[in-house]
Structures are given as structure tokens and as C-alpha cells.
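Q: This is the structure alone, sequence omitted:
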């Protein structure tokens, strides 16, 4: 069974950037004030992906380069 990461965004969002980062919009719910809440999901990284990502973060950290949301699985 696949594992998922979830993200909840209140109000406006950059859908193109979220899509490039692997997020899929699965639901939109409007509040009484009319502000939308957007629900996203994407496959959770495997153990191997986590190890690789941790190594990449450490290496980038040594160089003083922060990872952006789009550079993470």
C-alpha cells in the first residue's frame, strides 16, 4: 500500500509550483468567509529516498545552499 504526504493550504496558492514539487490537488473546501482550503497529496519518499535526501541536505548545508521545496521529493 502506498504511503502519502499531505499538505493543507489556506487561501491562494501557486498551483504550478506545487505541481512541479509533486503535489496533487485532491480537494477544495470553501469556508464561511469564502476562503478556500486546498488539500494536496503526493507519494511519500521511500526509505532510500529519505537517506539520499538527508545526504543531499547535509552536503548542501556544508556549502551554505538551502534546498527549496521543488528540490525535495
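A: All right, it came through fine. All values reported here derive from a predicted model rather than from experimental measurement.

Q: shaky segments in the chain?
A: Across the chain, residues meeting the criterion (pLDDT under 70) sit at 68-73.

Q: Longest helix in it, by number of residues?
A: Using DSSP state H to define each element, the chain has its longest helix at helix 47-63.

Q: just the strands in this protein please.
A: Taking DSSP state E as the test, the strands found in the chain are 4-10, 24-30, 36-43.

Q: which one of these is the most hemmed in?
A: Greatest average neighbour count among the strands of the chain goes to strand 36-43 (a mean of 16), per mean count of other C-beta atoms under 10 Å. Bear in mind the C-beta positions are built from the backbone N, C-alpha and C, glycine included.

Q: Pairing partners for it, with directions?
A: strand 4-10 (antiparallel), strand 24-30 (antiparallel) (DSSP bridges).

Q: Dump those into JSON lines; add distance to residue 41 as well.
A: Shown next, in JSON lines, are the strands paired with strand 36-43 (distance: least, C-beta to C-beta, whole Å):
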{"stretch": "strand 4-10", "distance to residue 41": "5"}
{"stretch": "strand 24-30", "distance to residue 41": "5"}
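
Q: returning to what we had before: which strands and helices lie in contact with the longest helix of the chain?
A: Counting contacts by 3 or more C-beta pairs under 8 Å, 6 or more residues apart in numbering; DSSP states H and E, helix 47-63 is packed against no other helix or strand.

Q: This completes my enquiry, with thanks.
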